[in-house]
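**Q** Got a sequence here, can you model it:
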Amino acid sequence: METEQEMDQGDQQTPRGNGINGPTKCRQCGLSSILTSHMRSGPEGRRTLCNACGIAWRKVILYKRME
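**A** Take a look at the predicted model:
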């Protein structure tokens, strides 16, 4: 039987991928998570955009809210 701490660790993803399928890729530009400093949330959920695409997407969303 797993302890509570072991179950929590099983849900966590490594910063460079999920550990099972390898590194994730940006859904916009295809950049590997190994080559970016940070994976950001996008329109498709958590860790779907690289740092640059995530910042650009966030700016578009904020600009649309200001109009």
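**Q** drop to CA atoms for contacts and neighbour counts, all remaining ones
**A** Noted.
**Q** does the residue nearest the centre of the chain sit in a helix or strand, and which one?
**A** The centre of the chain sits closest to Arg47, judged by Cα atoms, centre = their mean, with a distance of 1.2 Å. Arg47 belongs to strand 45-50 when assigned by DSSP states H and E.
**Q** Please apply the same query to Gln28.
**A** Using DSSP H and E, Gln28 maps to neither a helix nor a strand.
**Q** Surely it is in contact with Ala52?
**A** No. Judged on Cα atoms under 8 Å, Gln28 makes no contact with Ala52 at a distance of 10.0 Å.
**Q** helices and strands of the chain: which one bottoms out on pLDDT?
**A** When the helices and strands of the chain are scored by mean pLDDT, DSSP states H and E, helix 4-11 comes last with a mean of 40.
**Q** by contact count, what packs against whatever helix or strand comes next after that helix?
**A** Next helix or strand after helix 4-11 toward the C-terminus (DSSP H and E): strand 39-42. Strand 39-42 is packed against strand 45-50, helix 51-66, with contacts defined by 3 or more Cα pairs under 8 Å, 6 or more residues apart in numbering; DSSP states H and E.
**Q** Kindly provide the whole-number mean pLDDT of strand 39-42.
**A** On average, the pLDDT along strand 39-42 is 94.
**Q** about what we covered before: rounded mean pLDDT for the strand holding Arg47, please.
**A** Mean pLDDT, strand 45-50: 94.
**Q** what angle do that strand and helix 51-66 make?
**A** Using axes from the mean of the first three to the mean of the last three Cα atoms, to 10 degrees, the direction of strand 45-50 lies 110 degrees away from that of helix 51-66.
**Q** in strand 45-50, what's buried?
**A** Buried residues in strand 45-50, counting neighbours by 16 or more other Cα atoms under 10 Å, are found at 47-50.
**Q** tell me, how many neighbours does Ile34 end up with?
**A** 15 (other Cα atoms under 10 Å).
**Q** Revised request: answer the last question for Arg65.
**A** By other Cα under 10 Å, 8 other residues sit near Arg65.
**Q** Distance-wise, check it relative to Arg40.
**A** Distance of Arg65 to Arg40, given as Cα to Cα, to the nearest Å: 20 Å.
**Q** hmm, back to that, make TSV out of the helices and strands packed on strand 39-42 and add distance to Gly22.
**A** Shown next, in TSV, are these (distance: least, Cα to Cα, whole Å):
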stretch	distance to Gly22
strand 45-50	14
helix 51-66	18
